[in-house]
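Asker: One predicted model, sequence on top.
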Amino acid sequence: MSRSILRSSLAVASAAATAFVLVACSEPTEGGSDADSTASSSDEQVTITVYTSEPEEKVDEINAAFMEAHPDINVEVYRAGTGDLNARIASEKQSGDIEADVLWAADSPTFEGYAADGDLAELENVDTEGVMEEVIDEEGFYIGTRIIPTVIAYNTDVVSEDEAPQSWQDLIDPQYMDKLVMPDPAVSGAAAFNASVWLESEKLGEEWITALGENQPMIAQSNGPTSQEIASGSRPVGVVVDYLVRDLAAAGSPIATAYPEEGAPYITEPAGVFESSDNKEAAETYINFLLSEEAQKIAVEQAYLPVRESVDTPEGTPALADINLLTPDLEAVTEGQDAAVATFQDAMK
């Protein structure tokens with residue numbers, strides 16, 4: 001349990017409100033109300049800005065539910081991929097303060113870096129009771145909000161269930177030459193994390209990454225295009241986050257998931273509060289909502305795996321306890337991520 005997280009759960013107000021959310025092309029507003037006038041006041045509305053890599057329609061749904069429960073807190077969003085978010089934050093730091101209150105994106109190594117640089121505030125009033133211990137930062141700077149494993153996916157019109165690869169080792173078989181697709185770790189935070197986990201794994205390592213490259217997989221920009229390539233049959237087998245497979249299958253695409261026998265690396269889409277935020281109380285109220293049973297059930301409806309074992313996984317998905325999740329040394333994965341991305345890119349040439 002984190003040393004600074006959680007003293008008490010925050011009460012949820014019940015009222016109707018109009019959701020106002022800015023999409024990726026929008027610029028977040030600067031400034032905001034002083035922290036003393038945050039969620040504790042029902043007469044004034046505080047605006048918090050969230051930087052996120054969540055898909056637009058999914059973050060919109062979460063924010064609408066949050067603002068209905070908390071009409072005194074307005075949420076504005078800047079949405080982009082993890083790499084673009086990191087570039088924006090770096091630019092803002094160079095010119096002044098970070099212009100957001102909450103970062104909700106990507107993976108633990110990303111947050112480890114921001115915590116080490118002093119960009120994140122220690123969480124003081126975030127309730128972690130009932131939340132999986134694996135997603136809670138021991139230092140108290142961030143907390144995971146969903147479980148997002150990376151899996152093997154395949155097109156069911158091209159590959160039968162009996163023939164589908166069931167392990168990472170299966171993917172280096174020559175039969176998959178020119179049939180694989182996976183996201184670019186230089187763009188995707190999840191893919192960069194995976195590369196580091198694979199490189200650190202005793203069962204896989206650099207030898208496996210090199211052998212994978214010999215099968216000449218297509219490197220798509222991110223997980224979204226990767227899943228589309230698999231669903232179309234253009235590259236019938238691939239490596240992708242599991243919720244996209246569920247989304248496509250629910251929409252009628254011929255695509256299915258295999259959780260690798262060696263275990264699936266996973267990210268937790270953490271959330272944290274920027275140290276420069278003037279609205280830390282409201283920002284922590286937002287994070288409390290992301291962890292609440294209400295929001296976790298919305299996450300499951302959005303095809304994610306929850307961080308509360310009390311909330312069921314999506315229909316047709318194994319229970320959390322039945323999924324083999326890789327839990328590598330986070331410090332080693334964080335420190336080795338840049339080298340892992342370079343190793344991966346060299347192997348794919």
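Answerer: Good, I have the coordinates.
Asker: element containing the nearest residue to P306 once chain neighbours are set aside?
Answerer: Of all residues beyond its chain neighbours, the one nearest P306 is Q296 (4.4 Å), with distances taken as C-beta to C-beta, 6 or more residues apart in numbering. In short, each C-beta sits where N, CA and C put it, glycine included. Per DSSP states H and E: Q296 is located in helix 293-301.
Asker: got a list of what the residue nearest the centre of the chain touches?
Answerer: Centroid check for the chain by C-alpha atoms, centre = their mean gives E269 as the closest residue, at 2.9 Å. E269 makes contact with 53-54, 104-106, 144-146, 148, 304, according to C-beta atoms under 8 Å, 6 or more residues apart in numbering.
Asker: any idea how far T285 lies from L212?
Answerer: T285 sits 44 Å away from L212, going by C-beta to C-beta, to the nearest Å.
Asker: Between these two, which is the more surrounded one?
Answerer: Ranked by neighbour count (other C-beta atoms under 10 Å), T285 and L212 place T285 first, with 26 against 23.
Asker: Spell out which helix or strand contains that one, please.
Answerer: Assigned by DSSP H and E, T285 belongs to helix 280-291.
Asker: and that helix, what does it pack onto?
Answerer: strand 46-52, helix 56-69, strand 73-79, strand 102-104, strand 271-273 (3 or more C-beta pairs under 8 Å, 6 or more residues apart in numbering; DSSP states H and E).
Asker: if you set the cut-off to 10 Å instead, what comes out?
Answerer: The contact analysis (3 or more C-beta pairs under 10 Å, 6 or more residues apart in numbering; DSSP states H and E) places helix 280-291 against strand 46-52, helix 56-69, strand 73-79, strand 102-104, strand 271-273, helix 293-301.
Asker: could you dump those to CSV with distance to L204?
Answerer: Compiled in CSV, these are given as follows (distance: least, C-beta to C-beta, whole Å):
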stretch, distance to L204
strand 46-52, 30
helix 56-69, 31
strand 73-79, 33
strand 102-104, 30
strand 271-273, 30
helix 293-301, 29
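Asker: And these: which comes nearest A249?
Answerer: Using C-beta to C-beta as the measure, helix 293-301 is the one of those that comes nearest A249, at 14.9 Å.
Asker: What separation do you get for E301 and V77?
Answerer: Taking C-beta to C-beta, one finds E301 at 19 Å from V77.
Asker: Mind checking which of those two has more residues around it?
Answerer: The residue with more neighbours, out of E301 and V77, is V77; 25 against 12, by other C-beta under 10 Å.
Asker: and that one, what are its bridge partners?
Answerer: V50 (DSSP bridges).
Asker: Let me see the contact set for the residue nearest to P306.
Answerer: 130-131, 145-146, 290, 304-308, 310-312 (C-beta atoms under 10 Å, 6 or more residues apart in numbering).
Asker: returning to that earlier point: quick check: which of the helices and strands packed on helix 280-291 is nearest to G316?
Answerer: helix 293-301 (11.9 Å).
Asker: returning to what we had before: show the pLDDT at the residue nearest to P306.
Answerer: With respect to pLDDT, Q296 scores 98.
Asker: pretty sure I89 is in contact with A106, am I right?
Answerer: No: look at I89 against A106 with C-beta atoms under 10 Å: they stay out of range, at 11.8 Å.
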